[in-house]
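A.B. asks: task: produce atomic coordinates for the following.
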Amino acid sequence: MPARSLPRIDRRTLLIGGGAGIGLVVAWGLWPRRYLPNLTADQGETLFGAWLKIGNDGHVTVAVSQAEHGQGVYTTLPQIVADELGADWRTIAVEPAPLNPLYANPFGAEELFEGADDALLKGWRDAHAVQIGLMFTGGSSSVRSFEGPLRAAGAAARTLLCKAAARRWKVDWQACGTANGFVVHGKDRLRFAELAAEAARDFGGGALPDPLPLRGDTADRLYGQSLPRLDAPSKVDGSANFAGDVRLPDMLFASIRQGPVGNSKLVRVDRAAADRILGVLHVVTNDQWVAAVGISWWAANKALDALAPRFETRGRLVDDASIDRALSAALDGPGTRIAQAGDLSAAFKGAKLITAEYRASLAPHAAIETMTATAQLRDGRLTLWLPTQAPGLARSAAAAAIGLAEDAVLVHPMLIGGSFGANLETQCAAQAAVLAAKLNRPVQLVWSRAEDLLHDRFRPPARARMAARLGANGQILGWLAKIAAPATGQQLARRLLAPDSGFSAALALAPAGDRYAVAGAKPVYRIPAYAIDHHPAAIGVPTGHWRSGAHSYTAFFTECFLDELAHVAGTEALSFRIGMLGGDARLARCLSTVASLGGWEGGVAGSGQGIACHSFRGSHIAVLVEAHVGEGQAVSVDRIVAAVDCGRHVNPDIVKQQIEGGLLFGMAAAIGGATGFKANLAQARSFGALGLPRLADSPDITVELIPSEADPGGVSELAVPPVAPAIANALQAATGGRLRSLPLVPGTV
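C.D. replies: Down below sits the predicted model:
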């Protein structure tokens, strides 16, 4: 597969960083065309460009530019290199890549923001991603973004190793091959370690052919094998280091409490009470937060209770009622048409329409690891250890918080204990930097569980008003989805894409609607006339990216409404879907496969079976669920079956792990995992308050991966969107009542 090239940057739409306005365009002649690698080699290692190095003992270290938060990139990305190189998997190691534009991920940013119709915005995003070296993990983009560059890196190193061996053997280098960490030619074999230093001298010196010869043989390939995860052993034995495991000489521990959402200001703390807590050394305050610092985190967190901080909040009151009013007002007000096809007005004119309204509540990320960062300021240089999906953005936030230049900040990205999008945010990095600067000692800041839930960037709430017209044969002739939701994509862009470098002005030229906020609402079915409208709602609560983004609620709206239309049409739900897919053979195969595996009975009354499907980031999935309402009106999910077509699999086991994890994540959000709001504060303060399913509640799960030679699609978020509608459709079959709100609570029919 050829390397994915960076999107074309148009001179007319490229904005310069550094506070410029819309009219200021970068001097294209000064724009760097090439970036030098800054990967460092330890003693006994030889560098091969930006992506790999080979040790004198034969180990091969692969630089991974993506954050590992459980999705397996510390295995799948090195596996691509090892396969193309012909390495022995037992010798593969991994380390985080340093900050460098070479590792920028503009494709991932585009996927996160669901593309951009506006040429100015798209050009700016792509250019800015490279300019600032936007190393970014999101949008299920890791393999799709970096398979090409990593294959090229492996092929380049393999070529140079073969050339070095061929010179010794006095043979044609193209007659040489690699396998299991050796260069081979007939019976001759030389270890990579013996050749690395000699081979690397030719790197970048014109010795590489153009184009690079990629492996075409099918024998002894690592690609497609379920190789063991490189990060698993250390996570099992406890030796893996997360941000909370960092220990530095003379380090202090901090806990923090922040004001309610909105215009809040700290007005009072009881410092004397905190001084009485053994082990507490400092109290640091500003208008937005108060932090207690001590010799242990337990003491610091206990001191926050003693401090009894009081915040004054001015302006609007935010609670469940105000959020509901904002969504209702937005839905009744004007919207922006985000997508359309055909003549919907003609299709609806004089027709009897089927309508339904659906809702989705605020959902926190609730990762196991709360926000954490360790900061050390020494000799005018700041060092950060933290879990981050965007290390360059964390560096920028920390530097700005204490008035440092960005090149005076060093970031060590750590393994992440879950994230689901939460670690795109940078508040914790900035707070830790402030504490380290004020106290002149290393400080480890850890948010408590309650703080993490109170000050999350939540999955936004949404409300949908759906309408459709059915033809005489049950075919959908027209479809309208009006969705009220906060403009989360624009909020994300302002936070993540440096508003001070011209993006805010560019954003002002964008349409009023937000593609991100209604992503996934465009039906995959062949409907002659449809329209998707976004009605922006100002709810007063900060929202952010949450695993699968808006797809998590738009798929619920679409697939539940489709089931309701199938009931009206008197058609079995599976046949109704397949009949409207037209030429989408991959999704149709997922549906037929899941029906066969799951023993689909048609979703008839009493069966407790529901089905749903979704296409997302180049992949396709169908999900069949069996569920019922148990004791105490609790939803019980008995079985989940999924059929997945996500293109080629680098590592099938890791694909299955991500699908299984996504199914459980989606199930948790469907039957719990939400929070209400009262007096500008989230009401869920603990895992227990979220009503999450426990291990005993886990259903039987079957995942079938459909073989495909298509390019790899996204996997990490794929399984989340269809689970909730499949459960809702199953509950309708089990009880005869339709639940139209997330989370699904029996009795709210």
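
A.B. asks: how about the contacts made by the nearest residue to residue 457 once chain neighbours are set aside?
C.D. replies: For residue 457, ignoring the flanking residues on the chain, the nearest one in space by Cβ to Cβ, 6 or more residues apart in numbering is residue 544 at 2.8 Å. Heads up, the C-betas are built off the backbone N, CA and C, glycines and all. Neighbour list for residue 544: 421, 422, 424, 425, 456, 457, 458, 459, 488, 491, 492, 495 [criterion: Cβ atoms under 8 Å, 6 or more residues apart in numbering].

A.B. asks: with residue 48 instead?
C.D. replies: Neighbours of residue 48 in contact, by Cβ under 8 Å, 6+ apart: 54, 153, 156, 157, 160, 196, 199, 200, 203.

A.B. asks: can you check residue 178 too?
C.D. replies: Contact analysis of residue 178 by Cβ under 8 Å, 6+ apart lists 85, 86, 87, 158, 161, 162, 184, 192.

A.B. asks: let's see that with 10 Å instead.
C.D. replies: By Cβ atoms under 10 Å, 6 or more residues apart in numbering, residue 178 lies in contact with 84-87, 154, 157-159, 161-162, 165, 184, 192, 215, 220.

A.B. asks: SS state for residue 384?
C.D. replies: Three-state call for residue 384 (DSSP: H, G, I helix; E, B strand; the rest coil): strand.

A.B. asks: neighbours of the residue nearest to it when sequence neighbours are not counted, just the number please.
C.D. replies: Excluding the flanking residues, the one nearest residue 384 by Cβ to Cβ, 6+ apart is residue 411, at 4.9 Å. Residues near residue 411, counting by other Cβ atoms under 10 Å, number 24.

A.B. asks: quick check: residue 411 touching residue 376?
C.D. replies: No. Residue 411 lies out of contact with residue 376 (Cβ atoms under 10 Å); the separation is 11.9 Å.

A.B. asks: what touches both of these two?
C.D. replies: What both residue 411 and residue 376 touch, as defined by Cβ under 10 Å, 6+ apart, is the set 382, 383, 384, 385.

A.B. asks: ok, so of those, who is nearest residue 397?
C.D. replies: For the shared contacts of residue 411 and residue 376, the closest approach to residue 397 (Cβ to Cβ) belongs to residue 384, at 9.8 Å.

A.B. asks: how far away is the closest one from residue 430?
C.D. replies: Distance of residue 384 to residue 430, given as Cβ to Cβ, to the nearest Å: 10 Å.

A.B. asks: quick one, longest helix in the protein?
C.D. replies: helix 142-169 (DSSP state H).

A.B. asks: got the buried residues for that helix?
C.D. replies: 142-166 (16 or more other Cβ atoms under 10 Å).

A.B. asks: after it, heading C-terminal, what element do we hit next?
C.D. replies: Next along the chain after helix 142-169, taking DSSP states H and E as the criterion, comes strand 177-179.

A.B. asks: give me the element the nearest residue to residue 426 once chain neighbours are set aside is part of.
C.D. replies: Nearest-residue entry for residue 426: residue 397, 3.7 Å, with adjacent residues in sequence omitted and distances by Cβ to Cβ, 6+ apart. If you go by DSSP H and E, residue 397 is part of helix 391-402.

A.B. asks: against which helices or strands is that helix packed?
C.D. replies: strand 372-378, strand 381-386, strand 409-413, helix 427-439, helix 488-496 (3 or more Cβ pairs under 10 Å, 6 or more residues apart in numbering; DSSP states H and E).

A.B. asks: which ones are touching the residue sitting furthest away from the middle of the chain?
C.D. replies: For the chain, the largest distance from the centre (Cα atoms, centre = their mean) belongs to residue 170, which lies 50.0 Å off. Contacts for residue 170 (Cβ under 10 Å, 6+ apart) come out as none.

A.B. asks: cool, and the one 5 residues further on?
C.D. replies: Counting by Cβ under 10 Å, 6+ apart, residue 175 makes contact with 162, 166, 169, 185, 186.
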